[in-house]
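S.K.: Model the following, please.
(chains A and B)
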Protein chains: 2
Amino acid sequence: VDAGALDAARSRDASLTKPPGSLGQLEDLAIWYAGWRGERPKLEAPQILIFAGNHGVTAQGVSAFPPEVTAQMVANFNAGGAAINQLARCFGARIDVHPITLDRPTGDFTEGPAMTEAELLEALSLGWAAVDPAADLVIAGEMGIGNTTSAAALAAAMFGGNPRDWVGRGTGVDDEGLARKAAAVAAGLARHRGELLDPLEALRRLGGRELAAMAGAIAAARSHRIPVILDGFICTAAAAVLERIAPGALDHAIAGHQSEEPGHARLLGALGKRPVLTLGLRLGEGSGAAVALGVLKAAIACHSGMATFAEAGVADGPG
Amino acid sequence: VDAGALDAARSRDASLTKPPGSLGQLEDLAIWYAGWRGERPKLEAPQILIFAGNHGVTAQGVSAFPPEVTAQMVANFNAGGAAINQLARCFGARIDVHPITLDRPTGDFTEGPAMTEAELLEALSLGWAAVDPAADLVIAGEMGIGNTTSAAALAAAMFGGNPRDWVGRGTGVDDEGLARKAAAVAAGLARHRGELLDPLEALRRLGGRELAAMAGAIAAARSHRIPVILDGFICTAAAAVLERIAPGALDHAIAGHQSEEPGHARLLGALGKRPVLTLGLRLGEGSGAAVALGVLKAAIACHSGMATFAEAGVADGPG
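M.R.: As a prediction, the model looks like this:
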């Protein structure tokens, strides 16, 4: 982050025609963004990336929907019919959809590694290359039936705790489905015990191609100084791999929202991220981050567009 | 509200390509909006009204800014330099600014009624007439040095409790200023004791012209079936007058945000309104409601624009 740009943004913020601090979290967001993008920034070219993958662990009965839905939803993204398409249009974002070998699911992590090293590297690289260096904001979203189970296993491997702490109802499983998810996570942790200390290795063994691609994209955004809005539980679990490798690696990222998936609040707490929104979302696709994009645009519009006390001839304190 | 439109919206919501309930509060917002505007609504013509007034109670030292700032900020609104101008541009809203006899402040309510009956009626009517019947959403915002004290007195008159429960730092008073605000509220309640049971009479005695105008505008919006997003403490106190006159009078209104002003959470609780956002704002001008407008636009875009499971050929449950 550019300390000079941060200082300039704080100083500009203090000069704007409003009582100090009265725009609350909007001021923090604008100053953070300016720290990465420079003085009086604009947010005009946001890029939403959606990575899709299939998961061998669906064999354990962990989802309310069949795996075919992953490909069907990719078609829906491409046809413009999904929630994320409407949100992108609403806030002027471009969408790029990347299905990753949907006909070849990951391995069932309760039985072996989800990916080979070559497969992990391929997915990371695909995510890295998907970021447009000309974008001024990146959202990494996902679609993948079964991937809340994968994210829960990955989070448990990185942050400890009971599998029950990390699993939730995902797309809407019943109590038995929830028990199957917890059992799958426990089986995965047992199966790969002793091999999960390296976060990238945990990602390879328990994660999925779309999770790896999100991690690659978020890392690439950092290299281009492009701020990131994190989406829900799955995106945040993927992003956490970077933070576990190098603390501070997510300083260019904010939490767009806190999802309804219970592990997400726990994960955000572990990462020290305060969500912009809490709207009870649990859809994925980058949808929560896309709604937060509206708030971030508002914050930046105020910061970069408002008049200063001097410009407007407004008294800035008791006369 | 149109029960048929509500039912149609619930039924459409259940058919959209997402797990049921996965858009959380966005689904509730879209269904509520459709209940007032009809099936597959669009939100294309939002109107932001800003009413400005001056307050005799500023003589009690209740604000961190001098009363001249009210007129200076009106000039800033008209020049496009305030926060609300940037937010309106960001989300495609029109702004109409109505300064109300700024050279003639209300009476100091610690000494007598803030307004005569004629003045109250004039301000209510001005607010009523300011609503464009062709708008599809209304935000009523305000500017008025001293008006958090007026709103606190009005809220205390309507909902009881200690003056300390309703006053906050407003634009940023120090501890002594806060004590002066509580003392002014207590003095106002004592001065008008026995005359505050009628909510309109409480508005006349303790409120202000911009509060009355907001109440008039919110009532007019209801008569045109135009949904309303409430802003912060002052707007919500003005709106509460309507609810106290006729329970249900605010069913066409949602709480855009919960402000940092401590009385606002208490007021929203009394009205049974759950805020869309909690971003620590305390600016007024309609700013919190304008940020929530972005969220509401997102909700409606999803509801009205998404494909159904049948349209997209997506399996809507276990195959």
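
S.K.: Residue A:86 contacts residue B:299, doesn't it?
M.R.: No: assessed by CB atoms under 8 Å, residue A:86 is found out of contact with residue B:299, at 9.6 Å. For the C-beta atoms, the positions are set from N, CA and C on the backbone; glycine is no exception.

S.K.: how much space between the residue positioned nearest the centre of chain A and residue A:289?
M.R.: Taking CA atoms, centre = their mean, the centroid of chain A lies closest to residue A:230, which sits 2.8 Å from it. In this structure, residue A:230 and residue A:289 are separated by 6 Å, where distance is defined by CB to CB, to the nearest Å.

S.K.: Need the overlap of contacts for the two.
M.R.: Among the neighbours of residue A:230, those also in contact with residue A:289 (CB atoms under 8 Å, 6 or more residues apart in numbering or on different chains) are A:140, A:256.

S.K.: before we move on, the earlier item: who's more crowded, residue A:86 and residue B:299?
M.R.: Relative neighbour count places residue B:299 above the other of residue A:86 and residue B:299, with 28 against 24, counting by other CB atoms under 10 Å in any protein chain shown.

S.K.: secondary structure class for that one?
M.R.: Here residue B:299 is recorded as helix under DSSP: H, G, I helix; E, B strand; the rest coil.

S.K.: now it: how far from chain A?
M.R.: In this structure, residue B:299 and chain A are separated by 8 Å, where distance is defined by CB to the nearest CB, to the nearest Å.

S.K.: pretty sure that residue contacts residue B:26?
M.R.: Yes: the pair residue B:299 and residue B:26 passes the contact test of CB under 8 Å, sitting 4.0 Å apart.

S.K.: Stretch A:296-305 near chain B anywhere?
M.R.: Yes: counting by CB under 8 Å from any CB of the partner chain, contacts between stretch A:296-305 and chain B involve A:297-298, A:301-302, A:305.

S.K.: oh, I was asking about stretch A:157-171
M.R.: Yes: contact between stretch A:157-171 and chain B is present through residue A:171 (criterion: CB under 8 Å from any CB).

S.K.: Could you pull up the mean pLDDT of that stretch?
M.R.: For stretch A:157-171, the per-residue pLDDT values average out at 95.

S.K.: In space, what's closest to the closest residue to chain B within the stretch 151-300 of chain A - neighbours in sequence excluded?
M.R.: Distances between the stretch 151-300 of chain A and chain B by CB to the nearest CB are smallest at residue A:280, namely 2.8 Å. Closest residue to residue A:280 in three dimensions, ignoring its sequence neighbours and counting by CB to CB, 6 or more residues apart in numbering or on different chains: residue B:24, at 2.8 Å.

S.K.: what does the stretch 101-250 of chain A put close to chain B?
M.R.: Counting by CB under 8 Å from any CB, the positions of the stretch 101-250 of chain A adjacent to chain B are A:171-172.

S.K.: Low-confidence stretches in the stretch 101-250 of chain A?
M.R.: Low-confidence segments of the stretch 101-250 of chain A (pLDDT under 70): none present.

S.K.: what about the helices in it?
M.R.: When assigned using DSSP state H, counting those that start in this stretch, the helices of the stretch 101-250 of chain A occupy the ranges A:117-130, A:147-159, A:163-166, A:175-191, A:199-206, A:209-223, A:233-245.

S.K.: export the ones you listed to CSV and tack on mean neighbour count?
M.R.: Shown next, in CSV, are these (neighbours: other CB atoms under 10 Å in any protein chain shown):
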stretch, mean neighbour count
helix A:117-130, 19
helix A:147-159, 29
helix A:163-166, 21
helix A:175-191, 19
helix A:199-206, 24
helix A:209-223, 28
helix A:233-245, 26
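
S.K.: Now render these as TSV, adding distance to residue B:63.
M.R.: TSV is the format used below for the helices of the stretch 101-250 of chain A (distance: least, CB to CB, whole Å):
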stretch	distance to residue B:63
helix A:117-130	52
helix A:147-159	47
helix A:163-166	48
helix A:175-191	54
helix A:199-206	53
helix A:209-223	44
helix A:233-245	42
